[in-house]
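Colleague: Need a 3D model of the sequence below.
(chains A and B)
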Amino acid sequence: MGFEGIGASVKRKEDPRFLSGRGHYTDDINRPGQLYAFVKRSDRPHARITSIDTAAAKSAPGVVAVFTGADMQADNVGGLPCGWQIHSKDGSPMAEPAHPVLAVDKVRYVGDPVAVVIAENRQQAKDAAEALAIDYQDLPAIATVLDAVKPGAATVHDDVPGNQCYDWHIGSKEPVDAAFAGAAKTVKLELVNNRLIPNAMEPRAAIGDFDPSTGDYTLYTTSQNPHVIRLLMGAFVLHIPENQLRVVAPDVGGGFGSKIFHYNEEAIVTWAAGKVKRPVKWTAERNESFMSDAHGRDHVSTAEMALDAQGNFLALRVKTLCNMGAYLSTFAPSVPTYLYATLLAGVYKTPAIYAEVKAVFTNTVPVDAYRGAGRPEATFLLERLVDVIAHDIGIDRVELRRRNFIPVDAFPYQTPVALQYDSGNYFATLDAAQKAADVAGFEARRTAAKAKGKLRGLGYSTYVEACGIAPSAVVGSLGARAGLYEVANIRVHPTGSVTVFTGTHSHGQGHETTLAQLVVEQLGVPLSQVEVVHGDTAKIPFGMGTYGSRSLAVGGSAMVKAMDKIVNKGKKIAAHLMEASVEDIEFKDGKFTVAGTDRSKALAEISLAAYVPHNYPIEELEPGLEETAFYDPKNFTFPGGCHVCEVEIDADTGVAQVVNFTAVDDIGRVINPMIVEGQVQGGVAQGIGQALYERAVYDANGQLVSGSLMDYTMPRADNVPNIHVGTETTLCTHNPLGAKGVGEVGAIGSPPAVINAVVDALRDYGVRHIDMPASPQKIWSIIQAGRPRAAAE
Amino acid sequence: MPQVALTVNGKQHTVEVEGRTLLVELLREKLGLTGTHVGCDTSQCGACVVHVDGRSLKSCTMLALQADGCSVTTIEGLAKPDGTLHPMQEMFREHHALQCGFCTPGMVMSAIDLVQMHPEGLTEAEIREGLEGNLCRCTGYHNIVKAVAAAWPLMHGKPAPAAAAE
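Modeller: Residues are numbered from 1 along each chain as shown, chains lettered A, B, ... in the order given. Just a heads-up that it's a prediction; the model follows:
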């Protein structure tokens, strides 16, 4: 066995099954006697349901049952709960309108579930849904945040006047106002963070199963956090106690946040399985993913910076209007507040910050966390603003950044917006990125591109984000309705192999490998003898799941704690077996040794003694070698770094292509460099997608226009370049691994780097800012409008 | 119901299907070959790519009945009977060209056809263009491109041409 511990790029344990078609995704599961559900969705953005006639659908071939919102209401099914409560400036709680599983009385977005048809096969359910006669009375719809706040705007919820969910703020207004009043210069930028549709490649799916002999329910679902789904659905929606509800999230084909939330269909299939006493399966078609998976981003903001004469940032003022969609998705209210505005200090020592965030309801799909969740929005705002400041006051953009960076010796650094960064070195990541990107050679590349008729630009983004979510007491005080610790159970088997039961969930991140490497490192067990189990509430004690780049920093730390307990117990057993004092036992490389002697016992000998306790300190120790630990982090972790992007624009067509991309990130301790590179590359591709290609579009009436992969531009292999990844490490100071998290850095750091490069490429055309996506049409129009007269002729 | 007779991964099957049944539905639901995935409903994503008579094809674009008499290979049929993986599968693992694994079967099947169709060699740009019909949301494609380039010499039994090696 070669080196397999922390720092080794070992090949992934999960790959053989995925590569041979033996993955086990939710739609691959079939239960005996299984029926199929088709969810009939609203095709209206906003309407009153005047009648639903189910008779024809019920008598269609193969149909077993048809249910509507009235049926669920009559059965006392609760609404979908929201997991985070925000309070407005004035202390009032956010508006939290009812979120029925199936629409009752009104539909509020295109895609809102109205009825479910359950039949012997998929096609029969779909055919019968065509026979549902639903009469609607259309109501005026709100499609955008700007429409939602217009005086006299229609209301999405009758009990939410003005469509306002909350009007929240953070920071201190007075010092910011004072700084602006005395500033040598102020710079203002208005910008939009485009709405995105996550599009994990596996569409969501759910199977409800019910055992009439025991009353037990099982839900198989495409989830990033099965325990959270069990808690929310069991306690609030279907009123099933935990002991009678098992939630399994098997192999999950990508999540990016969109599979965190408790969705309508999970409750529908579970409840319906109990009604029809047979398993019920639902699998989204991609068009349903577009109109029912929670969307991401969707901010309209104004940012203003006050500066002194030397270009030092004095104060930042931000106003953001953000979209909740038609209902509150599970964690929606936290995203534009505590995951966004708390990051507005960025990597800069701006002494005063004040941000106001107004969240509104619209007749659109609910909006919630999507890869980065709030931090990409903060990073885009700041990093665009910094480039605009450099442009407006005529200072070099890199020099401006360096001048305002938080100094290396200032950590731990308390920002004016609540967070305390434990560690970081933004100069180091910037230097390394400039070198790796060969910034020195850029002007030559620009000149060469010009000779080919291409406009070449270079853009930077220097960023920090907060992840490793999260200290429970802190988030509890901020409105979270759950704890955010993580749980690990480590079982050393009699012959010394190990099973890890983790409350985190892997849906592409490679936890079965990375987490196993922690066991290799700490217990000295070969990788082949470590198994990582996740995604089943019947197997794992508890867990909060995977999101916010938390699995290693929080879940891995829980494992370290559990393994510490294993080693401590092992030392007692070893002391007994070797007739030594516990204090004299050392554990290293899988061996318990009596200090200063050559007497030792391997872990497998200790575990065997623990399970076959013939010679065992039975009076003092229980048999067995298995430990559970809960780890609640002391602080968030703060990955950061520098991304450098080079684009080339075809001046004739306006098409921008990313030709070079360099990411140098500080993610703390790296466990598996190969997996880290892959995480960054994937995140950067999503960031390039946001910057150049992707945009969820609603028409003025609230119809989703970009509702398929033919209309919504996902980045393809020829839309992205090779992505150079580097790391510059400062360790997290408060978790035992020193790990910060890597899942989201790519998507957080990259969008402003791309747009800054596009703006740089177009610097001769009088452009100061471009909103995302920088589509060919947008760029072509800028080129046409700004083209020097001589060139146009 | 009409019948379709076809060979899948070397095994003959005769199956009753509805006229509207797609090849991918036949594979997944009638034959239990769930390695072939469905990622969209507009033939955009490529998760369902299989080989039909040796060429890659999105199995959501073909009716099951159209496959009558055809020989179909799915991801489950790529490895040798002794379990030895196809070089493309091996290189995907070697180069970390998969994360969640959902697009992987289609990606591997497309990539094999792409390499087979280009005995003269493949540039990076040609690989990227050749994989345009397959979406991946996890990897950013970087490692997929590397894996395909690395599989070329293994599949053709000779070093990659100098121009393509870049």
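Colleague: What is the longest helix of the chain by residue count?
Modeller: Picking chain A for this. helix A:557-577 (DSSP state H).
Colleague: oops, I was thinking of chain B
Modeller: Chain B, longest helix under DSSP H: helix B:142-156.
Colleague: what's the spacing between the residue of chain A found nearest chain B and A:Tyr354?
Modeller: Per CB to the nearest CB, A:Gly21 is where chain A lies closest to chain B, at 2.0 Å. Using the backbone N, CA and C atoms, a C-beta is placed for each residue, glycine as well. Going from A:Gly21 to A:Tyr354 by CB to CB, to the nearest Å gives 55 Å.
Colleague: How about A:Ala306?
Modeller: 11 Å.
Colleague: What residues of stretch A:691-700 count as buried?
Modeller: Residues of stretch A:691-700 classed as buried by neighbour count (16 or more other CB atoms under 10 Å in any protein chain shown): A:691-696, A:698.
Colleague: any residues in contact with both of A:Ala306 and A:Tyr354?
Modeller: A:176, A:315-317 (CB atoms under 8 Å, 6 or more residues apart in numbering or on different chains).
Colleague: Please point out which parts of stretch A:617-630 sit buried.
Modeller: Buried residues in stretch A:617-630, counted by 16+ other CB under 10 Å: A:625-630.
Colleague: For these, give me TSV that also has secondary structure.
Modeller: TSV is the format used below for the buried residues of stretch A:617-630 (DSSP: H, G, I helix; E, B strand; the rest coil):
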residue	secondary structure
A:Leu625	coil
A:Glu626	strand
A:Glu627	strand
A:Thr628	strand
A:Ala629	strand
A:Phe630	strand
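Colleague: quick one: is stretch A:274-287 near chain B?
Modeller: Yes. Applying CB under 8 Å from any CB of the partner chain, one finds stretch A:274-287 in contact with chain B at A:283, A:285-287.
Colleague: Could you tell me the end-to-end distance of stretch A:664-683?
Modeller: Across stretch A:664-683, the terminal residues are separated by 13 Å (CA to CA, to the nearest Å).
Colleague: Compute the first-to-last residue distance for stretch A:530-544.
Modeller: One end of stretch A:530-544 to the other measures 22 Å (CA to CA).
Colleague: ugh, wrong one, I meant stretch A:759-769
Modeller: 7 Å.
Colleague: What are the contacting residues of it?
Modeller: Looking at what lies outside stretch A:759-769 - CB under 8 Å, 6+ apart - the contacts are A:189, A:191, A:384, A:387-388, A:391-392, A:455-459, A:647-649, A:656, A:770, A:779, A:782-783, A:785-788.
Colleague: Mark which of those are part of helices, please.
Modeller: Using DSSP H, those in helices are A:384, A:387-388, A:391-392, A:779, A:782-783, A:785-786.
Colleague: For the residue in chain B that chain A sits nearest to, the count of nearby residues, please.
Modeller: Residue of chain B nearest chain A, by CB to the nearest CB: B:Gly35 (2.0 Å). B:Gly35 has 27 neighbours, counted by other CB atoms under 10 Å in any protein chain shown.
Colleague: how near is the nearest residue to it once chain neighbours are set aside to A:Thr337?
Modeller: Nearest non-adjacent residue to B:Gly35, counting by CB to CB, 6 or more residues apart in numbering or on different chains: A:Gly21, 2.0 Å away. A:Gly21 sits 43 Å away from A:Thr337, going by CB to CB.
Colleague: What of A:Asn287?
Modeller: In terms of CB to CB, A:Asn287 sits 32 Å off from A:Thr337.
Colleague: So these two - more neighbours on which side?
Modeller: Per other CB under 10 Å, whichever of A:Asn287 and A:Thr337 has more neighbours is A:Thr337, with 25 against 18.
Colleague: Model confidence for the more buried one, exactly?
Modeller: On the pLDDT scale, A:Thr337 is placed at 98.
Colleague: Got phi/psi on it?
Modeller: phi -110, psi -80 (degrees, to the nearest 10).
Colleague: My read is that it contacts A:Cys165, right?
Modeller: No. A:Thr337 is beyond contact range of A:Cys165, at 10.6 Å (criterion: CB atoms under 8 Å).
Colleague: and stretch B:102-111, does that touch chain A?
Modeller: Yes. Using CB under 8 Å from any CB, stretch B:102-111 reaches chain A at B:102-105, B:108.
Colleague: So which residues of the stretch 151-300 of chain A form strands?
Modeller: Counting by DSSP state E, counting those that start in this stretch, the stretch 151-300 of chain A has these strands, from start to end: A:164-171, A:185-193, A:205-211, A:216-221, A:245-248, A:280-283, A:299-307.
Colleague: need these in JSON lines with distance to A:Lys126, mean neighbour count and mean pLDDT, can you?
Modeller: Shown next, in JSON lines, are these (distance: least, CB to CB, whole Å; neighbours: other CB atoms under 10 Å in any protein chain shown; pLDDT from 0 to 100):
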{"stretch": "strand A:164-171", "distance to A:Lys126": "35", "mean neighbour count": "21", "mean pLDDT": "98"}
{"stretch": "strand A:185-193", "distance to A:Lys126": "36", "mean neighbour count": "17", "mean pLDDT": "98"}
{"stretch": "strand A:205-211", "distance to A:Lys126": "15", "mean neighbour count": "24", "mean pLDDT": "98"}
{"stretch": "strand A:216-221", "distance to A:Lys126": "21", "mean neighbour count": "24", "mean pLDDT": "98"}
{"stretch": "strand A:245-248", "distance to A:Lys126": "26", "mean neighbour count": "22", "mean pLDDT": "98"}
{"stretch": "strand A:280-283", "distance to A:Lys126": "11", "mean neighbour count": "25", "mean pLDDT": "98"}
{"stretch": "strand A:299-307", "distance to A:Lys126": "37", "mean neighbour count": "22", "mean pLDDT": "98"}
